[in-house]
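Visitor: Got a sequence here, can you model it:
(2 chains)
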Amino acid sequence: ILNVEQSPQSLHVQEGDSTNFTCSFPSSNFYALHWYRWETAKSPEALFVMTLNGDEKKKGRISATLNTKEGYSYLYIKGSQPEDSATYLCAPYYGQNFVFGPGTRLSVLP
Amino acid sequence: NAGVTQTPKFQVLKTGQSMTLQCAQDMNHEYMSWYRQDPGMGLRLIHYSVGAGITDQGEVPNGYNVSRSTTEDFPLRLLSAAPSQTSVYFCASRITQGGMVNEQFFGPGTRLTVL
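Guide: Prediction:
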């Protein structure tokens, strides 16, 4: 069973703060990495699909980078807003199925 | 498009009872899967299917059965419910095209409690 780690487990930031989280995953046989945003009482929604070493993706105030050689990805949120409060999941893909990390729960305080 | 739909949204069972969680998608996706979500853990794959008539086990398949008779439907059956199966269950689907890894679309989830 592949071990995917995310840190921190949870964090609280003030509105306007910038923040970042980490996803660590086994780099052997890696195909792609997905980031999902999961709001309470809703279902996970895809943020980014990343495949190549050095990939950088951006959607509004949220961006992500990927290092496939060392097996990690960073998710950045610039100027956090209360609506960014959610759990952020990373899920590397190894050829057939995804392996989900436990998530980082972000709370943005107004 | 309705996307991925799941029924029921909530269910309470007694130990030993059986039931089927329904999942349907209207996006003509070949790949469908079932996950369970437990506190402090990531989504864990129960079973998956790469097309009608084809199913396979994921990480935690024990106590569950699946079938895929059509592209649209992928029901999950609990054979004899146990308290350890208390969880939130998510169905997901995605396109599989030429090896491309496309995003998964998730259903709204079914919250199951086994007493």
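Visitor: Quick check: which ranges of chain A have low pLDDT?
Guide: Residue ranges of chain A with pLDDT under 70: A:1.
Visitor: and if you look at chain B?
Guide: For chain B, the stretches with pLDDT under 70 are B:97-100.
Visitor: interface residues of it facing chain A?
Guide: Residues of chain B lying near chain A by C-beta under 8 Å from any C-beta of the partner chain: B:4, B:33, B:35, B:40-45, B:48, B:58-59, B:90, B:101-109. Where C-beta positions appear, they are placed from N, C-alpha and C, glycine not excepted.
Visitor: and with 10 Å instead?
Guide: B:3-4, B:6, B:31, B:33, B:35, B:37-45, B:48, B:50, B:56, B:58-60, B:90-92, B:94, B:96, B:99-109 (C-beta under 10 Å from any C-beta of the partner chain).
Visitor: Return the subset of those residues lying in strands.
Guide: Counting by DSSP state E, the residues of chain B next to chain A place B:4, B:6, B:31, B:33, B:35, B:37, B:44-45, B:48, B:50, B:56, B:90-92, B:94, B:96, B:100-101, B:105-106 in strands.
Visitor: Just the buried ones from these?
Guide: Neighbour counting by 16 or more other C-beta atoms under 10 Å in any protein chain shown classes B:4, B:6, B:31, B:33, B:35, B:37, B:44-45, B:48, B:90-92, B:94, B:101, B:105-106 among these as buried.
Visitor: Identify the farthest-apart pair in those residues.
Guide: B:6 and B:101 (23.3 Å; C-beta to C-beta).
Visitor: so where do the strands sit in chain A?
Guide: With DSSP E as the criterion, chain A has strands spanning A:5-7, A:10-14, A:19-24, A:32-38, A:45-50, A:56-59, A:62-67, A:72-77, A:86-93, A:104-109.
Visitor: So which bits of the first one are buried?
Guide: Residues of strand A:5-7 classed as buried under the neighbour-count rule (16+ other C-beta under 10 Å) are residue A:6.
Visitor: Show me what that strand pairs with in its sheet, parallel or antiparallel.
Guide: Applying DSSP bridges, strand A:5-7 is found paired with strand A:19-24 (antiparallel).
Visitor: Who does the residue nearest the centre of chain B form a beta bridge with?
Guide: By C-alpha atoms, centre = their mean, the mean C-alpha position of chain B lies nearest to residue B:34, the distance being 2.6 Å. Residue B:34 has these beta-bridge partners by DSSP bridges: residue B:47, residue B:91.
Visitor: Next: residue A:50.
Guide: residue A:33.
Visitor: can I assume it is in contact with residue A:32?
Guide: Yes: Residue A:50 is within contact range of residue A:32, at 6.6 Å (criterion: C-beta atoms under 10 Å).
Visitor: That'll do, ta.
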